[in-house]
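Chemist: Predicted model and sequence follow; I will ask about them next.
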Amino acid sequence: MEPLLKVENIKKTYGKSSAAYTALENISFDIHEGEFVGIMGPSGAGKSTLLNMLATIDSPTEGKIYMRDVSIHDMKGADLTDFRRDNLGFIFQDYNLLDSLTVKENILLPLAIAKMPAKEIDISVNRIAKVFGIEDLLAKYPYQISGGQKQRTAAARALVTEPALILADEPTGALDSKSATDLLESLSELNENNQSTIMLVTHDAYAASFCRRIIFIKDGTLSKEIHRRGQTRKAFFQEIIDVLATIGGEVDDVI
């Protein structure tokens, strides 16, 4: 089966000549539909640089990134805008909710932009709100809900369009342990029940233990890859900690 995402020999260099700095070099991997993949590594390893290129915010100096056999960095203007809208969902550490809109209005915003009929919008919003357990919050405004509820609202907004690939950048970084667990369990259920494809960038071993596969980056290159397979999440958590200890990554001691 062809991969959903193919990253081929990516290199990213900033600056020129003697001042040049290589953030990523010779990065190659595939992500197939229905995978839940984590990207981990020490601070400065290149995780954010890689995420920015997958999100089409930045372009590689060398190499190619394909989604469904389309080279995403060869697209320009309206084609690129349409590609992002139709294929990518973003969950960030900052919620980026609009305070003047209700929870429901924040979630439906991408559907309204895509000019989906009102009846279909209601069905989609109610369905995704149920997944994240925020059905009772739809009429509230962001200032009336907790940080964990805001992040679940932001996640619902990212997933309401049913994107091909969900990119999550430290989505639990600003949450308490219970709110983080609620969000991660919701993402895990989406992955298992809906075959949603998720790539989670994190430094947190606890968050990463919800993934099915972890790709480790160190000093801008691929360092190691591990798979959960039949392990319990607790056993996978310990394996992640062991790998991070060998490559110098940060760990979180909550489980």
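Modeler: In hand now; what should we look at? Nothing here was measured: the structure is a model prediction, and the numbers come from that model. Numbers count the residues shown, from 1 in each chain.

Chemist: Can you find the helix or strand of the protein with the lowest average pLDDT?
Modeler: The weakest-scoring helix or strand in the chain, judged by mean pLDDT, DSSP states H and E, is helix 77-87 (a mean of 88).

Chemist: quick one: that helix to chain centroid distance?
Modeler: In terms of CA atoms, centre = their mean, to the nearest Å, the centre of helix 77-87 is found 18 Å from the chain centre.

Chemist: export that helix as CSV, just CAs?
Modeler: Provided in CSV are the C-alpha atoms of helix 77-87 (Å, rounded to 0.1, in the frame of the first residue of the first chain):
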residue,chain,number,x,y,z
GLY,A,77,-0.9,30.2,-4.1
ALA,A,78,-4.5,29.0,-4.2
ASP,A,79,-3.5,25.4,-4.9
LEU,A,80,-1.4,25.4,-1.7
THR,A,81,-4.2,27.0,0.3
ASP,A,82,-6.7,24.5,-0.9
PHE,A,83,-4.3,21.7,-0.1
ARG,A,84,-3.8,22.8,3.5
ARG,A,85,-7.6,23.2,3.9
ASP,A,86,-8.5,19.8,2.5
ASN,A,87,-5.7,17.7,3.8
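
Chemist: Report the next helix or strand after it in sequence order.
Modeler: strand 88-92 (DSSP states H and E).

Chemist: tally of neighbours for residue 199?
Modeler: If you count neighbours by other CB atoms under 10 Å, residue 199 ends up with 21. Just so you know, the C-beta spots here come from the backbone N, C-alpha and C atoms, and that holds for glycine as well.

Chemist: Confirm that it sits in a strand.
Modeler: Yes. Under DSSP: H, G, I helix; E, B strand; the rest coil, residue 199 falls within a strand.

Chemist: Let me know the pLDDT of it.
Modeler: Looking at residue 199, its pLDDT stands at 96.

Chemist: Leaving out chain neighbours, which residue sits closest to it?
Modeler: Among residues not flanking residue 199 along the chain, residue 37 sits closest, at 5.0 Å (CB to CB, 6 or more residues apart in numbering).

Chemist: what about that neighbour, neighbour count?
Modeler: The number of residues near residue 37, taken as other CB under 10 Å, comes to 23.

Chemist: From the contact counts, what lies against the helix or strand containing it?
Modeler: For residue 37, the enclosing helix or strand under DSSP H and E is strand 36-40. For strand 36-40, the packing partners by 3 or more CB pairs under 8 Å, 6 or more residues apart in numbering; DSSP states H and E come out as helix 47-54, helix 177-194, strand 198-201, helix 205-208, strand 213-218.

Chemist: The same query, at a cut-off of 7 Å, please.
Modeler: With contacts defined as 3 or more CB pairs under 7 Å, 6 or more residues apart in numbering; DSSP states H and E, strand 36-40 has these neighbours: strand 198-201, strand 213-218.

Chemist: Give me whichever of the ones you listed is most buried.
Modeler: strand 198-201 (a mean of 23; mean count of other CB atoms under 10 Å).

Chemist: Direction included, what does that strand pair against?
Modeler: As defined by DSSP bridges, the strand partners of strand 198-201 come to strand 36-40 (parallel), strand 165-169 (parallel).

Chemist: Just the CA trace of that strand, in CSV.
Modeler: This file holds the C-alpha atoms of strand 198-201, laid out as CSV (Å, rounded to 0.1, in the frame of the first residue of the first chain):
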residue,chain,number,x,y,z
ILE,A,198,-1.9,11.6,13.4
MET,A,199,1.7,12.9,13.8
LEU,A,200,2.5,14.1,17.2
VAL,A,201,5.6,16.2,17.9
